[in-house]
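No sequence on hand, only this structure:
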């Protein structure tokens, strides 16, 4: 089975520009490109976590095979935080059906002609995965409506009075849409998905299983307690668990440690500035900014983003989800507020003024 991936990036023919562009890539992007393809589960049995989703897929795939109609499964919409396995789920679905998975990001389909070309290239039963599907432009999204329901493309041919609608059939396919912002998805598109599933964060036992599997692939020997230390700092996210496992592997090789034990792993993670709760320097800086600049809150998201020098979407998508889940931050009608747990974690004392503001915000 082939996997075709399209990435949202521009290519520059000049060598110097390519090298300059490469230096601007984040460490996470580089790690994803180098390691994630080999770390992804290949079958539904290998897929760890998301038990409800796995059961749903087993039932749908089994029933479709008995009917002899693979495309009768319907379309899937997966939403949740990044790194929880949405792409892996789409690839596994195609493998279980014996078809191809074609993976795209929504920004890589900026023009209606792009989605038309993709849909016409699909074979019967192929899985089309569109990441960040809420970022599709309006015209491209509307082209998907008829393709999802009737497996046809309604294309306007000609201009003004000579314009007419032409229907082009497409092979029956399965669309798997992924988004981190379900509320940004339009109702007409959302309602056309047969299955809508929220990707849950992983517990420690599930993450330990993922870490052990990753360690085996990376040829890293690690003890159970050491794997637990990585799991605690992984924010319930497999992608982060894989990244931290690689960092621990690099530390073990540099220090010539054959078997990573608990203390060695803690030293490695502290070296990379990842604390017990998985907070990195950027997370702590956000909390300290609210405390120092806004007395612990409440503070509006726009003001907070401006103070941090970040875009609002970056704060909402990258920083806030885990801080909210871990109980370090709360949202009120007047803005974001740092909790007592965050003060304790940062070894700071809440001033009386901060306490009054917290009560006012709540």
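Perfect, thanks for sending it. None of the values given here were measured: they were computed from a predicted structure. Residues are numbered from 1 along each chain as shown.

And the helices in the stretch 51-200 of the chain, which stretches?
Remark: helices assigned in the stretch 51-200 of the chain by DSSP state H, counting those that start in this stretch are 51-67, 86-97, 112-120, 138-150, 187-190.

Can you tell me which helices and strands the third one packs against?
So the one you mean is helix 112-120. helix 138-150, strand 152-157 (3 or more Cβ pairs under 8 Å, 6 or more residues apart in numbering; DSSP states H and E). Any C-beta I mention is one placed from the backbone N, CA and C, and that applies to glycine too.

So what touches it?
The contact list for helix 112-120 (Cβ atoms under 8 Å, 6 or more residues apart in numbering) reads 102, 104, 108-109, 128, 136, 139-140, 143-144, 147, 153, 155, 168, 170, 173.

Equivalent analysis for the last one, please.
Outside of helix 187-190, the residues within contact range by Cβ under 8 Å, 6+ apart are 77, 133, 141, 144, 145, 177, 182, 196.

still on that earlier bit, spatially, which two of the contacts of helix 112-120 are the most separated?
108 and 168 (21.8 Å; Cβ to Cβ).

more crowded one of those two?
Neighbours were tallied for residue 108 and for residue 168 using other Cβ atoms under 10 Å; the higher tally belongs to residue 108 (17 against 13).

Mind pulling up the pLDDT for the more buried one?
Looking at residue 108, its pLDDT is 85.

Identify the residue spatially nearest to residue 91, adjacent ones excluded.
Using Cβ to Cβ, 6 or more residues apart in numbering and skipping the chain neighbours, the partner closest in space to residue 91 is residue 101 (4.7 Å).

Would you mind confirming that residue 184 is in contact with residue 136?
No: in this structure, residue 184 is not within contact of residue 136 by Cβ atoms under 8 Å, at 10.6 Å.

So which of the two has more stuff around it?
With neighbours defined as other Cβ under 10 Å, residue 184 and residue 136 compare such that residue 136 has more, 22 against 11.

Can you give me the distance of the closest residue to the more buried one other than its chain neighbours to residue 141?
Excluding its sequence neighbours, the residue lying closest to residue 136 (Cβ to Cβ, 6+ apart) is residue 106, at 4.8 Å. To residue 141, residue 106 is 9 Å away according to Cβ to Cβ, to the nearest Å.
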